[in-house]
Structures are given as structure tokens and as C-alpha cells.
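>>> Starting from these lines, generate the structure:
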Amino acid sequence: MRLGWVGCHQEGLPALEGLVDAGAAPVAVLTLRPELAASRSGAADYAPLCRRLGLPLHHVANINDADTVALLGRLALDVLFVIGWSQILRAPALRSARLGAIGAHASLLPRNRGSAPVNWALIRGESEGGNSLIWLAEDVDAGDLIDQTAFPITPYDTCASLYARVAASNREMILRALPRLRAGERPGRPQPRTAEPALPRRRPNDGCIDWAGPSGRIYDFVRALTRPYPGAFSWLEGRRWTVWRAARLPAGVTPPAPPGRILGPVTSPEDAACGQAVACGDGAVILIEIEDGEGRTLRGRALSEQAWAGKAWGHD
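Predicted structure coming up:
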């Protein structure tokens, strides 16, 4: 069986290696050109893995370019896997493989179809996430379901920890489907209909913190946008800071203060929760790790020792 692979995100690497381990090595791997991948959150360099596994690697700018579609045609594929790839495949690319193209969407479709499902699930404070293996169709995230994996979202998860679960489930679901694909089958069932709107795309500037929100929402916002994403951010005395880690201050211990006002340092004997407490619209959060525009990172004692009490976070 002739398999092809398209991917540029970290979430695809375990599944690609799993195919090779199962004796189903793709005949070619397509990934983004390095200069384009550099601007994508969570992008991975596929070259080291492909060298180690002996897989031919092609760098492309767009999966729908005429040259790329022609390359896919020459490969004479039975199935094209598209895992961890942000460009929508148009009809010529979709038709390049005999059985079709298989993709994954990091939600329990049709729930949370659209852009950045992991980030949105955390921003919304959802308690369950998942991953769906689907046949790609011209309508985005609308193809037949091959398999699904559900997992809980704990209060301590971040976008990085959830994408690790997505990556593991990509491998598991693809390997479960592989025997049926090898038998020439096209497994799948139609998705349930839903009126839920597609999730909108998120951009780096959408990461500005609204301190008027409740502390739980701000905590969720920070963990949804932390590494490998650009991060939530705010401004202090004309300087922009990215907030990489935060914690919620227990309810009932927050003195009244305007949203964004720095309440003062928080310390612990183990330095585990050292930082600066900040008032929110309801409650407060503790900033545990922040970074300025020059790459200076403050965490632990270095952050708690800043004389910021009474100052206020806000917009530029």
C-alpha cells in the first residue's frame, strides 16, 4: 500500500514513526519550507526523523500549489495522511490519493470544529477534550469519522500537555485504522449534524489579557496560550510582558482592588509559587513566570522581589 504523509506540527511525529514501526512507511513526506514553518506555533523539523527512518522528505510552500499537486500525483498514493497541517486541502490535492486523504482534528467532532480547538477548549474552561480521525472533505472538518478518542481536561493542563495527548491519540487511531486500510477498506461514518458555528482563527494579538474578567477565566486564558504558542500578554509601565505561567489565588483571600492592580509579592519556602498577585474582576491570579520583549524572564524569587505593589497591568 502506497502511503503519503503531510505534516509540520509536533503532533504528527509520533504517528509518523508509528507507521514506520508497523511496516507501513510512507513513500514520501511533505512538510513546510523552514522559513515558513518558523512562523507557525508548534512547528517541528521533520528532517531529523525522516533521515533516521530513511523517508524521502519534500519541502513545500503550499499543499495546493500546482507543483505540489503534481508531486502528489506522481507518487500514485492509495492514502494521504495529513496530520498537523494548517493549510486546507483543495479538491485537486484531496483527489490525489486513490482512497482519499485522512486528517485529524483535535476535538470530538462535530464539537469544536474550526480553528485552534485545543486553545479554545482551554479558554472556555471545558473539562473534556478529544481527537477525531476523519476523511478530509472540501468542507472543513466535515468528513466522515474514522475514529475518536476522548480525554479529560484537568485544571492543570496547558495547550502543551493537551497536544501531547493529541499526538499520542493520532498514533493510536492511525494504527487501529491501518489493518482495514491495508485490506482496501474505507472505514468511516458520517458526522452528526450540528448548528454549532466553527471556531474562529486565533492570532497572536488576540492574546491580550482582559483583567476585568474573573480569575478563573484569566488563568484558563494563560494556560491556553502558553508555549509553544505566543503566550498571553499585558503591559506594565509601557513594557509588554508575556505571561507564561499563572496560578489562581484561593477565593476569599483577595483584598478589594481594581482589575489589573498588582497586590504584591507572593512567596513560599520552596519558591514553588513565588510571584506577584494581581487583582482580577473577581478574585486574583499569581503571575509565576513572565518574559519581557528583550527575552528577560522573571520567575520565583526574581519575580516576587520586584517592587510592583500598587502598579497596574493594562493595555499599551
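
>>> hey, let's count contacts and neighbours off CA atoms from now on
Noted.

>>> if I look at A15, how far off is E196?
Counting by CA to CA, to the nearest Å, the gap from A15 to E196 is 30 Å.

>>> quick one: which of those two has more around it?
A15 (21 against 10; other CA atoms under 10 Å).

>>> Test my guess that that one contacts A168.
Yes: between A15 and A168 there is a contact under CA atoms under 8 Å: 7.4 Å.

>>> Backbone dihedrals for L32, both of them.
phi -70, psi 150 (degrees, to the nearest 10).

>>> same question, R223
Torsion angles, degrees, to the nearest 10, at R223: phi -70, psi -20.

>>> I'd like to know how far it sits from C159.
Distance from R223 to C159, by CA to CA: 7 Å.

>>> any shared contact partners between the two?
Contact criterion CA atoms under 8 Å, 6 or more residues apart in numbering; residues shared by R223 and C159: L122.

>>> These two: which is more packed in?
R223 (27 against 22).

>>> Report the rounded mean pLDDT for stretch 290-307.
The average pLDDT within stretch 290-307 is 94.

>>> mind checking the end-to-end distance for stretch 260-268?
One end of stretch 260-268 to the other measures 23 Å (CA to CA).

>>> what's the answer for stretch 91-104, then?
As for stretch 91-104, its first-to-last residue distance stands at 18 Å under the measure CA to CA.

>>> Would you mind listing the buried residues in it?
For stretch 91-104, a neighbour-count test (16 or more other CA atoms under 10 Å) marks 92-97, 99-104 as buried.

>>> which phi and psi does the spatially closest residue to A37 that is not a sequence neighbour have?
Nearest residue to A37 in three dimensions, chain neighbours excluded: A43, at 5.9 Å (CA to CA, 6 or more residues apart in numbering). For A43, the backbone dihedrals (degrees, to the nearest 10) come out as phi -70, psi 150.

>>> which parts of stretch 147-158 are buried?
Using 16+ other CA under 10 Å as the burial criterion, the residues of stretch 147-158 that qualify are 147-151, 153, 158.

>>> helices and strands around the host helix or strand of G100, which ones?
Assigned by DSSP states H and E, G100 falls within strand 97-105. Helices and strands touching strand 97-105, by 3 or more CA pairs under 8 Å, 6 or more residues apart in numbering; DSSP states H and E, are strand 77-82, strand 128-135.

>>> what's in contact with the shortest one?
Residues from elsewhere that reach strand 77-82, judged by CA under 8 Å, 6+ apart: 1-7, 96-104.

>>> Could you list the low-pLDDT ranges of the stretch 201-316 of the chain?
251-253, 269-273 (pLDDT under 70).

>>> which residues of it fall in helices?
215-225, 300-304 (DSSP state H, counting those that start in this stretch).

>>> list the helices and strands the shortest one packs on?
Under the contact definition 3+ CA pairs under 8 Å, 6+ apart, helix 300-304 sits against strand 262-266, strand 275-279, strand 284-292.

>>> which stretch among those strands comes nearest G184?
Between G184 and those, the shortest separation by CA to CA is 51.4 Å, and it involves strand 284-292.

>>> Tell me which residues are up against the closest one.
By CA under 8 Å, 6+ apart, strand 284-292 touches 214-215, 218-219, 239-249, 254, 266, 273-279, 297-300, 303.

>>> Name only those of those residues that count as buried.
Those of the contacts of strand 284-292 that meet the buried threshold are 214-215, 218-219, 240-249, 254, 266, 273-279, 297-300, 303, by 16+ other CA under 10 Å.

>>> what's the longest helix belonging to the chain packed up against?
Of all segments of type helix in the chain, defined using DSSP state H, the longest is helix 159-182. Counting contacts by 3+ CA pairs under 8 Å, 6+ apart, helix 159-182 packs against helix 13-21, helix 117-123, strand 128-135, strand 145-152, helix 215-225.
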